[in-house]
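In: Here's my sequence, what's the structure:
(2 chains)
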Protein chains: 2
Amino acid sequence: METLSVALGHRAYPIHVGRALLDKSELLLPFLRQRKVAIVTNTTVAPLYLERLSDSLRRARVEVVEIILPDGEQFKDWQTLNLIFDVLLQRRCERSTTLLALGGGVVGDMTGFAAACFQRGIPFIQVPTTLLAQVDSSVGGKTAINHPLGKNMIGAFYQPKLVLTDTDTLTTLPDRELSAGLAEVIKYGLIRDLPFFEWLEEHLERLLLREPAALAEAISRSCRNKAEVVVADEHESGERALLNLGHTFGHAIETGMGYGECLHGEAVAAGTMIAAQLSLQLGWIGSSELDRIERLFRRAGLPVSGPALEVERYLALMQHDKKVRDGKLRFVLLQGIGQAVVSDAAAQDEVRTAILARSPHA
Amino acid sequence: METLSVALGHRAYPIHVGRALLDKSELLLPFLRQRKVAIVTNTTVAPLYLERLSDSLRRARVEVVEIILPDGEQFKDWQTLNLIFDVLLQRRCERSTTLLALGGGVVGDMTGFAAACFQRGIPFIQVPTTLLAQVDSSVGGKTAINHPLGKNMIGAFYQPKLVLTDTDTLTTLPDRELSAGLAEVIKYGLIRDLPFFEWLEEHLERLLLREPAALAEAISRSCRNKAEVVVADEHESGERALLNLGHTFGHAIETGMGYGECLHGEAVAAGTMIAAQLSLQLGWIGSSELDRIERLFRRAGLPVSGPALEVERYLALMQHDKKVRDGKLRFVLLQGIGQAVVSDAAAQDEVRTAILARSPHA
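Out: From the prediction side, this is the model:
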């Protein structure tokens, strides 16, 4: 087991990465304020891992409340969030009860937001079971639900007490979701870690074959990058925005296609290609770098162009992006592999050209 | 105009108390990050004060978005909160747009929670127009909505950038609401400020006659007490719980009667009498002190006993109180006028006796 730390002062927390951690309740116990935990998971993950985790806690004489949500991004809404609150109140959970998220990004984001809001804040722990959640959403304290007019529009910055990553849970992950997680892994290389990008070019097949050592290495290096960025800028007033490479276009793609049609990582890969295209047009990267990025995404089984939405539809959807400032769109763009910047240098027409170059209706 | 400060480090903020402040947009401008403000108010307050405030801002070339909610505690729910998010997104509000609450406690609590959640947090300003909001809910950063199983169960600690209290708005406040606000004013005297309690005994009629100087004095002294408590214990891990004198019983009364049947301050007055009764039974205060408290509440036009709910119903409703810890009820009790403590010293039977002594079905 490897342990990293997110060094946020008195709110610092560890990330444990290793095998068979679900059975080790002794890793959880030091973080519980009372011997009561509410586990939030979904209908897909529950049959696979809920009993193991619950049993391990119950053997340590912890009272366990189980909350099983429907699975899917389309349920990342207020109605589903309310299901959590209903159970917490019916089962008399208190301010010192810990909320535990067992699942992927949607479960983690919703559980974190529920923990941030319930009685104005109760402790929570992330136990991510998808690659996407393990390398990205479980670390850093961004929690949210969607609004019909925009993704992750309602949420909070709220840090977990612990992230427990059992890499064995990836053995049951569908191929398509493994690929989607790799989009965020590749992103860290692109925005700030050229050696990691090169490592991924060399070892991608080992990740696709789910070699435990390679997965642990990729997860740890991703989390270290994420933790460094979060510590430098917890509330996204500066550097943290770089983590959103591909996300402005990506969110437009996800919202435009309807939540649930396209995986977040797939949208991010396609969105990153649009951002890379825009960077190429600005003369910030060359076509050899664009090709290198495209090749790695393709090898990872990811889309490298957006869906057939009208350009004006893209632009309208992006107006709700959280990076809009004084009505002006800002994008994360590349000045090289391993070097991202936030910029409003791209004129609307350049943005249109980039979208058209990376969409099938061009 | 008098200015107090809530000394929360880099999140410190001023409270301005004075007359005709609604017209003085120059007091608001230094706190805006962009020249765009979304004002949230309700159908009662809008016809009285919205145009004045909006005009004052528009004259200073600030774009104003107006959001008018239905009036009443029964609308302090997710559906109504969503109305705020809908408009914010439709009108392209951004992370640097300021949300301004113009109204009483319900408007302030909901707007504050909306500001805490929208895009994970945008700036907000309180412009309270009821006595209750001016002396209590606008200061200290507690925001929330209700859940069918408990009051203020879903919320956040989220501080405003500024509290602007125009005492002239109290001229249009219904008598019943003025009285309800006085319950919280009296509370500060009871929990930590004997000289203020004595001042209130002397000057209560001036407040009921709405003498501006007396109102400003009562508001400033209340806010100073509140600010001191909040600075000492922002997240209610200790001293801040004292502000909930009468609230554990009060919330049970409000929930038991159904939101909107009884004003918050009325429930707090009745709840405080139950807490005082319990303190009497424990031998912590004498009957002369109990009578003195009852007399001041009566003069203020407030109820001094709870509604005809079954005792067991009270107890069941209180199980959801946020002060419950490890299943044990804790109450704010009095060891004298001006001296409150949080205690779990009262056994269930004592609590039953106190409720019966202060309820009409006894």
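
In: and chain A, which residues reach chain B?
Out: Residues of chain A lying close to chain B by Cβ under 8 Å from any Cβ of the partner chain are A:34, A:78, A:82, A:85-86, A:89-90, A:92, A:94-96, A:116-121, A:142-144, A:147, A:149-150, A:153-157, A:235, A:319-320, A:322, A:324-327. Glycine gets a C-beta too; all of them are placed from N, C-alpha and C.

In: per-residue pLDDT, the residue of the stretch 251-362 of chain A found nearest chain B?
Out: Distances between the stretch 251-362 of chain A and chain B by Cβ to the nearest Cβ are smallest at residue A:322, namely 4.8 Å. For residue A:322, the model assigns a pLDDT of 72.

In: before we move on, what about residue A:362?
Out: On the pLDDT scale, residue A:362 gets 44.

In: Not counting sequence-adjacent ones, nearest residue to the residue nearest the centre of chain A?
Out: Nearest to the mean C-alpha position of chain A, counting by Cα atoms, centre = their mean, stands residue A:137 at 3.1 Å. Nearest residue to residue A:137, sequence neighbours excluded (Cβ to Cβ, 6 or more residues apart in numbering or on different chains): residue A:105, at 4.0 Å.

In: I'd say the residue nearest to the centre of chain A and residue A:111 touch.
Out: No: with contact defined as Cβ atoms under 8 Å, residue A:137 does not count as touching residue A:111 (10.8 Å).

In: In strands only, show me the residues of chain A next to chain B.
Out: Judged by DSSP state E, the subset of those located in strands is A:142-144, A:147, A:150, A:153-157.

In: Let me see the domain layout of chain A.
Out: As given by automatic domain parsing, the domain ranges for chain A are A:2-172, A:175-357.

In: Thought residue A:256 was touching residue A:307, still the case?
Out: Yes: contact criterion Cβ under 8 Å: residue A:307 and residue A:256 qualify, at 7.0 Å.

In: Worst mean pLDDT among the domains of chain A?
Out: domain A:175-357 (a mean of 93).

In: got the end-to-end distance for that one?
Out: 28 Å (Cα to Cα, to the nearest Å).

In: quick revisit: quick one: the residue nearest to residue A:137 from residue A:139, how far?
Out: To residue A:139, residue A:105 is 11 Å away according to Cβ to Cβ, to the nearest Å.

In: Comparing the two, which shows the higher neighbour count?
Out: The neighbour comparison of residue A:105 against residue A:139 (other Cβ atoms under 10 Å in any protein chain shown) goes to residue A:139, with 28 against 24.

In: Not counting sequence-adjacent ones, nearest residue to that one?
Out: residue A:226 (4.9 Å).

In: what ranges do the helices span in the stretch 1-150 of chain A?
Out: A:51-59, A:78-90, A:105-117, A:131-132 (DSSP state H, counting those that start in this stretch).

In: would you turn those into TSV with distance to residue A:334?
Out: Listed next are the helices of the stretch 1-150 of chain A as TSV, based on distance: least, Cβ to Cβ, whole Å:
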stretch	distance to residue A:334
helix A:51-59	40
helix A:78-90	35
helix A:105-117	24
helix A:131-132	21
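
In: nearest to residue A:231, of these?
Out: helix A:105-117 (18.0 Å; Cβ to Cβ).

In: Measure how that closest one sits relative to helix A:78-90, angle-wise.
Out: 50 degrees (axes from the mean of the first three to the mean of the last three Cα atoms, to 10 degrees).

In: could I get helix A:105-117 in PDB with only the CA atoms?
Out: Below are the C-alpha coordinates for helix A:105-117, written out as PDB (Å, rounded to 0.1, in the frame of the first residue of the first chain):
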ATOM      1  CA  GLY A 105     -17.500   9.900  -9.800                       C
ATOM      2  CA  VAL A 106     -21.200  10.400  -9.600                       C
ATOM      3  CA  VAL A 107     -21.500   8.600  -6.300                       C
ATOM      4  CA  GLY A 108     -18.500  10.500  -4.900                       C
ATOM      5  CA  ASP A 109     -19.700  13.900  -6.100                       C
ATOM      6  CA  MET A 110     -23.200  13.400  -4.800                       C
ATOM      7  CA  THR A 111     -22.100  11.900  -1.500                       C
ATOM      8  CA  GLY A 112     -19.600  14.700  -0.900                       C
ATOM      9  CA  PHE A 113     -22.200  17.300  -1.600                       C
ATOM     10  CA  ALA A 114     -24.600  15.500   0.700                       C
ATOM     11  CA  ALA A 115     -22.000  15.500   3.400                       C
ATOM     12  CA  ALA A 116     -21.200  19.200   2.800                       C
ATOM     13  CA  CYS A 117     -24.900  20.100   3.300                       C
END
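
In: How far does it sit from its chain's centre?
Out: 12 Å (Cα atoms, centre = their mean, to the nearest Å).

In: other SSEs contacting it?
Out: Secondary-structure packing of helix A:105-117 (3 or more Cβ pairs under 8 Å, 6 or more residues apart in numbering or on different chains; DSSP states H and E): strand A:36-42, helix A:78-90, strand A:98-103, strand A:124-128, strand A:142-147, strand A:150-157, strand B:150-157.

In: same thing but at 6 Å, please
Out: Counting contacts by 3 or more Cβ pairs under 6 Å, 6 or more residues apart in numbering or on different chains; DSSP states H and E, helix A:105-117 packs against helix A:78-90, strand A:98-103, strand A:124-128, strand A:142-147, strand A:150-157.

In: Can you add mean neighbour count and distance to residue A:331 and give those back as JSON lines?
Out: Formatted as JSON lines, the helices and strands packed on helix A:105-117 follow (neighbours: other Cβ atoms under 10 Å in any protein chain shown; distance: least, Cβ to Cβ, whole Å):
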{"stretch": "helix A:78-90", "mean neighbour count": "18", "distance to residue A:331": "29"}
{"stretch": "strand A:98-103", "mean neighbour count": "28", "distance to residue A:331": "30"}
{"stretch": "strand A:124-128", "mean neighbour count": "28", "distance to residue A:331": "28"}
{"stretch": "strand A:142-147", "mean neighbour count": "24", "distance to residue A:331": "19"}
{"stretch": "strand A:150-157", "mean neighbour count": "22", "distance to residue A:331": "16"}
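
In: Can you verify the residue nearest to residue A:139 is assigned to a strand?
Out: No: using DSSP: H, G, I helix; E, B strand; the rest coil, the secondary structure at residue A:226 is helix, not a strand.

In: how close does it get to residue A:273?
Out: Look at residue A:226 and residue A:273: by Cβ to Cβ, they are 22 Å apart.

In: what's the answer for residue A:345, then?
Out: Distance, residue A:345 to residue A:273, by Cβ to Cβ: 19 Å.

In: before we move on, the earlier item: could I get the contacting residues of the residue of the stretch 251-362 of chain A closest to chain B?
Out: Contacts for residue A:322 (Cβ atoms under 6 Å, 6 or more residues apart in numbering or on different chains) come out as B:95, B:119.

In: Residue A:180 now?
Out: Taking Cβ under 6 Å, 6+ apart as the criterion, residue A:180 is in contact with A:132, A:263, A:265-266.
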